[in-house]
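[1] Show me how the following folds:
(chains A, B and C)
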Amino acid sequence: MTRAAADTDPKTVFEAEEPHLAKRKFLHDAAEHVRDTAHRAFVRKALGGYYTSRDTQQARYRDWEQARDAASLAKWSAVNRLDELLPRFVGNFEANGGRVHWARNADEARTIILGLLRQARARAVIKSKCMTSEEIHLNAAMERDGYGVVESDLGEFIQQLRGEPPYHFVFPCMHVRRDEISDLFGRHLGTPPTDSPEELTMIARRHMRRLYVDADVGITGANFLVAETGQISITENEGNARLTAALPRVHIALAGIEKVVANLDDLAVLLPMLATAGAGQPLTCYNTLYAGPRQAGECDGPEEMHLVLLDNRRTEILADPEQRDSLHCIRCGACLNVCPIFKNVGGFTYGTTYQGPIGSVITPHLRGLADWNHLSGASSLCGACTDACPVRIDIHHHLLHNRRNAARSSPSRLERLGHRLFALVASRPWLFAAGGMVVRRTLWLAKKLPPPLLRAWLATRDLPRPPARSFRSQWRSRP
Amino acid sequence: MSQASTAGAVILARIREALRVPAPPPQMRSHATEQAAAAGPGGLTILPADVARPWLPDGGDTPEERVAILTENLRRLKAEVHRAADLAAAADLVATFAADRGWRRVAWHGHETVEPLAIRLGCDTYRVDDRQFDKDALEACDAGITACEAAVAQTGSILVSSGSCGGRALSILPHVHVVILPAVAVAGTLADALDLVRARHASRLPSMLSFITGPSRTGDIERILVLGAHGPRELIVVLVG
Amino acid sequence: MRVSLFIPCFVDQMFPQVGFAVARVLERLGHACEFRAAQTCCGQPSFNAGYWDEAREVAARALGVFAGSEAVVGPSGSCVAMMRVFYPQLLAGTPHETAALDLASRTFEFGEFLVERLGVTDVGARFPHRVSYHDGCHGLRELRIREAPRKLLQAVRDLDLVECDEPESCCGFGGLFSVKYPMISTAMAEVKGGSLARTGCDYVVSSDPSCQLQLDGWLSRTGQRPRTIHLAEVLAGVEA
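    Below you'll find the predicted structure:
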C-alpha cells in the first residue's frame, strides 16, 4: 500500500467552507462538544500527565523564568532581524548544496512541491509531521495529482486514516480512544483487535518500515532554520522524520519564513525549552540538523534537498509590531495543553490549522480578522497560555488586541451603541447609581422574562438575590 | 524573472517594509535580559546563550560530574548504560548482548571505536560504508553499532553525525542502536557539544547532525508512553574508559 | 494611612457587604477609609470587548476621581488589574499617561495590600470552616498574587484551608464572555466548580466578586454544598 485510503474524503474544511459562516459554525460545534462530557473528560485525562512531567522537568532548570527570558530574546532578535538573517540562511543553505524555493502563498507552495515531485518522478512519497503542510493542504493537492502519500508520524497516520486534520498541532490524535484505533487498523491494515497502546504502535511500526525503504521522496517540515550554518533543524520523538530524511532519494522540507534563528548557540537554548514546555521532556527524542543532501564520503542520504520557504501572510503579522512576537512561536503546544477553552471545546471546533490560544491569535491575520475574530472573543482572558509560553509571547493580550482591531475595523453597530451608552452612564455617577438601582429592582422581572444575554446566563447558572441598597447608598448613611 | 526569484524578492521586500517599525522586546522577568535587549535586536549586549547558560539544566563542571549526570539522565530516558574499561572489554560486552538477545545480523561502520567490536561479534554483520549502501540489507539487521560525535550530560543526549557515525540510517533504522561513547566525549551542554562538532568539522559540517535522547518513543495513543515508534526500541550506550 | 476604597460595580450593586468588610478590616488595623462617591466603573467591559475609545473615556475619568489619594484598595483582582496593568497601556501616548502610571503605583488588591504593603497576615479573624481558595486569573496572572490570600487565610483561627486539584484553572466568567459564549463558560465552571466542590469545603473563598458570581451561580444551580465568600468577609470575622 503506497497510499493511505482514508475513511472519509480528506477534509478540506478550511477552504471549502464559507468563511463568513466560521463564527456560526464555531458556536454550533462548541455547544455540541461541550455536551460530550465523556470526550472532555478523556482529553482532560490525556493531558493530566503533561502537567506532572512538565513540572518535574521544569524543576531541573536552575531557573525556568530566566531561561524563558533567554529563549524569548533569541526569537525576538531573530524575528526582528529577518531581513538580514533570512538571506544569510538561504545563502548558507544553498552553499551546503540544498535548493531554496520561495512561496508567497499556499498555492505557490503546492505548485512548487508538485513540480518537484514530477521532476523526481516520484511514485511513493513518505511524509513526516509538518503543520505548515496542513496549512497549505498539501496532501489533498498531492492526492489530486495522483501521488500516494503516507503520513509516518503515528498520530498523523491515524488522522490520515480517519480522514481528519490534526486535533492538536503537537498531539494530532489525542482525542482518539485506543479501541477506535484498534478498529481503524483492523479495517485498513487487517490487524487483529488489541487494547494495548504498545501493540498498536508496533502495528504502525511494522507497516511503515517498508514504506520508508520504498519511498522516492520524503517530505518534512522544519522547526528552525539556522542562519549561521544554513542547517534546518527538525524536532521529533518517533524517528520517522529521521527515516524520512535518510532513505528516500529526494528530501523536500517546507517551512515558514519566521523559523529562522541566528546561530547554533541560540538553537541550543530553544531546543530544550521546546521539549520541556510542550511535552515535559528534557529534550525531544530526535533533534536533527540537516545541511544539504548527502555529501561525498557519506554512505547514504538523499541526492537532493529542497526547502520551500513560505510567507502566506506571515509578513502581515511581521508588519504589526504589537503582535510581531506571535512569530516567535516554536509550535510547542504548551498553550493548548493548559488552555481551558481548548480542553472544553476540543481541537476541531476552532476550524483552523493552528488550534488553541496561539491559533486564535494568528488565524485572524492569516485568514482575515472579520471572519475569525470570534476566536479572540472566545476566551476568558485567563492568561494560562501566556504563562506557559516558553518564548514569552503575550498571547492573551493579543486576543485583546484582535478584539480592539476588530471593533475598529468592523464594529457591530449594536455593540458600539451599547458601549457608547455605557461610557455615557459611567461618566455620570448619579446616572450610574440610578441605573444600578433600576437593575437591582427589576432583576426579579428580568429573571422571569430574560433578555437574550441574561437568558444565556440563567440557562446554567443562578443569580444572587440583589441587596436592597447599594454600597454607595449604605455608605452615605454610615455612622 | 522566474517565479522563484520574483517570489523571493517580493517576500524579502515585504519583510524589509514590515520591519521599518521596530517591535519592543518581550516583557522579561530579569532586568539583565532587558538591558541586553536595549540596543535593539542586532545589538544584544549579552547573547541569549549566555543569558541562558546559568539557568538551563546543569551539565556538570567536572568530567566525573558530567558522566554521572549523563548516566542518570539516560536511565531516566529508559536507555541502557554500560561501562567498559576499554574497547576490548566493550567488545566482550556487545558480543554477549548479541548472543543473549539473539541478534542474527548486526550493522556497523568503519570507525576506530566500532571496528574492534564488530569483528568480534559472533553473528552475521553488515558494514554500511564499504560499498554501495543497501537499504534492504540494513532494514534486515537487528541492531546497528555506531560511534558518536559527543554526548550531552545536560539532556542525556548522544550526538551522532552522518560524517563519522555511519551515515544517516544506521543509527535510526535497526531495532537496536548500540553507541560506543568514549568517556572523554561527554560534554556538559548542548552548546558545548555543538562547539566540539564545529571545531572538529571546521571546513564543512556533516549533512546530518542528530541529538538522540533515549530510544524512539511516542505518546500519540492516549498520551501513554510507548518506546520504539519508528526508530530503535532500545538504545544501548557503552561508555568506554 | 488613608485608604481610598475602590468599589467595583459588582460589589456596589450586588455584594455591598464585601465593601463594608474591606473597610472593617482596614479600620480594625487602624487605617482610615474613604469612599469617593464620584467613582463608577473601571471600564473593563468595554476594554475587554475591544471598544477602547469608550474604555479610555471611563478610565481617564477614574484617574480624576482617585487623584491625590494615598492608596487605592479594591476587593477585586480583576478591576485592580484593569487600573494597574491596563490603564497605563490604554492611556499610553495620551495626556493621561503619567497620571495613569501614578495611579497604578498606588493601586492595590485588598489581600495583597494587607500582606505586601502593610505587612500584616494575622488580622485577628476567626472562621470555623473548611475553605478552599479560588485564584481569580487577573489577580494570579496580571498582578502575580498567589501567596498573599493564602497567608491571610492560614492565620485565621479555626479555619481549615484545602487546595483543589485545579488550582490554576479559570472559573470561566470572563465578563461578557460568560454570556456571549455561555456553553464554554459553563463548561469551565463545571471544571473549576467541580474541583472546588470535591475538596468537601464549606466555602469557596475568592478575591474577585465576578468569579464569585460565576461559581456561586453554578454551584447553586447544581445544588452543590459550598457557597462562595469574599476573602474580606472571612477576614472581617463575620462569624467570629
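[2] in the stretch 151-300 of chain A, which spans are strands?
    Applying DSSP state E, counting those that start in this stretch to the stretch 151-300 of chain A gives strands spanning A:217-220, A:224-226, A:231-236, A:250-256, A:260-261, A:286-290.
[3] Keeping just the C-alphas, turn the fourth one into PDB.
    Extracted C-alpha coordinates of strand A:250-256, given in PDB (Å, rounded to 0.1, in the frame of the first residue of the first chain):
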ATOM      1  CA  VAL A 250      14.900  13.400  -2.600                       C
ATOM      2  CA  HIS A 251      14.200  15.400   0.600                       C
ATOM      3  CA  ILE A 252      11.800  18.200   0.500                       C
ATOM      4  CA  ALA A 253      11.300  20.400   3.500                       C
ATOM      5  CA  LEU A 254       8.600  23.100   4.000                       C
ATOM      6  CA  ALA A 255       8.900  25.900   6.500                       C
ATOM      7  CA  GLY A 256       7.500  29.300   7.300                       C
END
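[4] Can you work out which other helices and strands pack against it?
    Here strand A:250-256 touches helix A:106-119, helix A:131-135, strand A:217-220, strand A:231-236, strand A:304-310, going by 3 or more CB pairs under 8 Å, 6 or more residues apart in numbering or on different chains; DSSP states H and E. In this view, the C-beta of every residue, glycine as well, is placed from N, C-alpha and C.
[5] what lines up beside that strand in the sheet?
    Sheet pairing of strand A:250-256 (DSSP bridges) gives strand A:217-220 (parallel), strand A:304-310 (parallel).
[6] Against which helices or strands is the helix or strand of chain C with the lowest mean pLDDT packed?
    Within chain C, confidence by mean pLDDT, DSSP states H and E is lowest for helix C:9-13 among all helices and strands, at a mean of 93. Packed against helix C:9-13 by the contact rule (3+ CB pairs under 8 Å, 6+ apart) you find helix A:429-448, helix A:471-476, helix C:16-28, helix C:209-221.
[7] circling back to that earlier point, please identify the most buried of the strands paired with strand A:250-256.
    Most buried of the strands paired with strand A:250-256 by mean neighbour count (mean count of other CB atoms under 10 Å in any protein chain shown) is strand A:217-220; its value is a mean of 28.
[8] what about that one, average pLDDT?
    Per-region confidence: strand A:217-220 scores 98 on mean pLDDT.
[9] Contacts for it next, please.
    Taking contacts as CB atoms under 8 Å, 6 or more residues apart in numbering or on different chains, the residues outside strand A:217-220 that touch it are A:113, A:116-117, A:120, A:122, A:124-128, A:130, A:133, A:138, A:149, A:234, A:241, A:243-254, A:302.
[10] could you dump that strand to CSV, C-alpha only?
    Below are the C-alpha coordinates for strand A:217-220, written out as CSV (Å, rounded to 0.1, in the frame of the first residue of the first chain):
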residue,chain,number,x,y,z
VAL,A,217,10.6,11.4,-1.9
GLY,A,218,10.5,12.3,1.8
ILE,A,219,8.7,15.4,2.9
THR,A,220,9.4,17.0,6.3
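[11] Identify the residues contacting residue 34.
    With no chain named, the answer covers chain A. A:Val34 touches A:Arg40, A:Asn344, A:Val345, C:Met183, C:Ile184, C:Thr186, C:Ala187, counting by CB under 8 Å, 6+ apart.
[12] wait, chain C
    C:Arg2, C:Val3, C:Ser4, C:Leu5, C:Ser69.
[13] Farthest-apart pair in the residues you listed, please.
    Greatest spatial distance in those: C:Arg2 and C:Leu5, 10.6 Å, computed using CB to CB.
[14] of those two, who's got more company?
    Between C:Arg2 and C:Leu5, C:Leu5 has the larger neighbour count (other CB atoms under 10 Å in any protein chain shown), namely 23 against 10.
[15] who touches the residue nearest to that one when sequence neighbours are not counted in this structure?
    Spatial nearest neighbour of C:Leu5, chain neighbours left out: C:Phe35 (4.8 Å); criterion: CB to CB, 6 or more residues apart in numbering or on different chains. Listed by CB under 8 Å, 6+ apart, the contact set of C:Phe35 reads A:Phe471, A:Arg472, A:Trp475, C:Ser4, C:Leu5, C:Ile7, C:Gly19.
[16] Among those residues, which one has the most neighbours?
    Going by other CB under 10 Å, C:Ile7 tops the contacts of C:Phe35 with 30 neighbours.
[17] and that residue, what does it touch?
    Contacts of C:Ile7 by CB under 8 Å, 6+ apart are A:Phe471, A:Arg472, C:Gly19, C:Phe35, C:Gln39, C:Gly74, C:Pro75.
[18] What would the worst-scoring helix or strand of chain B on mean pLDDT look like as PDB? C-alpha coordinates only.
    Lowest mean confidence among the helices and strands of chain B (mean pLDDT, DSSP H and E): helix B:31-37, at a mean of 78. The C-alpha trace of helix B:31-37 is given here as PDB (Å, rounded to 0.1, in the frame of the first residue of the first chain):
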ATOM      1  CA  HIS B  31      16.400  43.200  34.400                       C
ATOM      2  CA  ALA B  32      19.700  41.900  32.900                       C
ATOM      3  CA  THR B  33      17.900  40.500  29.900                       C
ATOM      4  CA  GLU B  34      16.000  43.700  29.400                       C
ATOM      5  CA  GLN B  35      19.300  45.600  29.400                       C
ATOM      6  CA  ALA B  36      20.700  43.100  26.900                       C
ATOM      7  CA  ALA B  37      17.900  43.900  24.500                       C
END
